[in-house]
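*Asks:* got a predicted model here, sequence first, then my questions.
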Amino acid sequence: MEQRALRKLVDPISKTVKSFKKSEVECLIRLFYNLLERPVGKLTTKGMDQNTFRGVLHNIFGMTDDMLMNRVFFVFDKDSDNYVSVQEWVKGLSVFLRGAFEEKMKFCFEVYYLHGECYISREKIFDMLKNSLSQQSPEEENDEGVKELVDISLKKMDYDNDGKISFADFEKAVKKDRLLLEVFGPCLPDAKTCLHFETLVFKNNPPASF
């Protein structure tokens with residue numbers, strides 16, 4: 001019964017996600033249901049809710065920043081129904097783990113602008129930098145210092161000088177200096193974490209829990 005349910009999920013997902021082999025897609029689907037403590041194919045909800053997903057980002061991928069974890073959730077949740085479905089899970093992880101540089105760039109940009117217009121406004125830059133700095137050293141949080149960093153960021157990345165960062169601006173800046181990919185906060189796992197995840201999930205087929 002479980003194999004039939006798996007096949008029904010694996011085949012259509014494999015057609016849309018090319019960076020994973022079918023066997024790997026199967027492992028990711030099994031992990032999804034393991035994390036939700038449900039038999040494969042049986043869900044009482046539409047998928048993984050925000051709290052469970054944040055637990056995955058924290059426990060599996062080592063993320064600690066609340067604001068960024070929420071933003072990553074909303075980028076995974078393509079249909080904006082407040083759940084990450086099994087299809088969204090596999091597609092999101094394909095970028096997380098094996099995305100080409102261009103895919104990761106689009107992902108980070110989406111995390112940073114998050115809803116609304118497709119650009120990163122001065123206000124959003126301020127919020128993200130203030131949040132990022134307060135994570136590192138809460139006692140040194142200083143609005144004036146953050147404003148200076150916003151100005152520096154815009155000077156470096158706002159190529160058309162319109163006071164905001166469009167995707168074209170972001171792409172140009174990041175291609176020039178790849179360190180700017182996660183300039184407003186870490187929203188992708190590092191290579192070591194990705195390798196650890198893949199080793200556990202794809203070679204252990206997958207573990208019952210982390």
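*Replies:* Yep, it's here.
*Asks:* which residues in this structure form strands?
*Replies:* Assignment of strands within the chain using DSSP state E yields the ranges 119-121, 164-166.
*Asks:* most packed of those?
*Replies:* Neighbour counts (mean count of other C-beta atoms under 10 Å) averaged over each of the strands of the chain peak at strand 164-166, with a mean of 22. (Each C-beta comes from the backbone N, C-alpha and C, glycine too.)
*Asks:* in this protein, what helix or strand scores lowest on average pLDDT?
*Replies:* Across the helices and strands of the chain, the lowest-confidence element by mean pLDDT, DSSP states H and E is helix 122-136, at a mean of 86.
*Asks:* how far does that helix sit from its chain's centre?
*Replies:* 18 Å (C-alpha atoms, centre = their mean, to the nearest Å).
*Asks:* over to stretch 45-60?
*Replies:* 12 Å.
*Asks:* now that stretch - C-alpha only, PDB.
*Replies:* Output of stretch 45-60 as PDB, limited to C-alpha atoms (Å, rounded to 0.1, in the frame of the first residue of the first chain):
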ATOM      1  CA  THR A  45      -3.600  18.700   6.900                       C
ATOM      2  CA  LYS A  46      -2.300  20.200   3.600                       C
ATOM      3  CA  GLY A  47       1.300  19.500   4.700                       C
ATOM      4  CA  MET A  48       4.000  20.900   6.900                       C
ATOM      5  CA  ASP A  49       3.000  23.900   9.000                       C
ATOM      6  CA  GLN A  50       5.300  26.800   9.800                       C
ATOM      7  CA  ASN A  51       6.400  25.600  13.200                       C
ATOM      8  CA  THR A  52       7.300  22.100  12.000                       C
ATOM      9  CA  PHE A  53       9.200  23.600   9.000                       C
ATOM     10  CA  ARG A  54      11.100  26.000  11.300                       C
ATOM     11  CA  GLY A  55      12.000  23.000  13.400                       C
ATOM     12  CA  VAL A  56      13.500  21.400  10.300                       C
ATOM     13  CA  LEU A  57      15.400  24.500   9.400                       C
ATOM     14  CA  HIS A  58      16.800  24.700  12.900                       C
ATOM     15  CA  ASN A  59      17.500  21.100  13.800                       C
ATOM     16  CA  ILE A  60      18.600  19.800  10.300                       C
END
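*Asks:* and it, what's buried?
*Replies:* For stretch 45-60, burial by neighbour count (16 or more other C-beta atoms under 10 Å) applies to Gly47, Met48, Asp49, Thr52, Phe53, Arg54, Val56, Leu57, Ile60.
*Asks:* can you redo those as CSV with pLDDT and distance to Val75?
*Replies:* Output for the buried residues of stretch 45-60, formatted as CSV (pLDDT from 0 to 100; distance: C-beta to C-beta, whole Å):
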residue, pLDDT, distance to Val75
Gly47, 94, 15
Met48, 96, 14
Asp49, 96, 16
Thr52, 96, 16
Phe53, 97, 11
Arg54, 97, 13
Val56, 95, 14
Leu57, 96, 12
Ile60, 93, 17
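*Asks:* make JSON lines from the strands of the chain and add mean pLDDT to it.
*Replies:* Formatted as JSON lines, the strands of the chain follow (pLDDT from 0 to 100):
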{"stretch": "strand 119-121", "mean pLDDT": "94"}
{"stretch": "strand 164-166", "mean pLDDT": "95"}
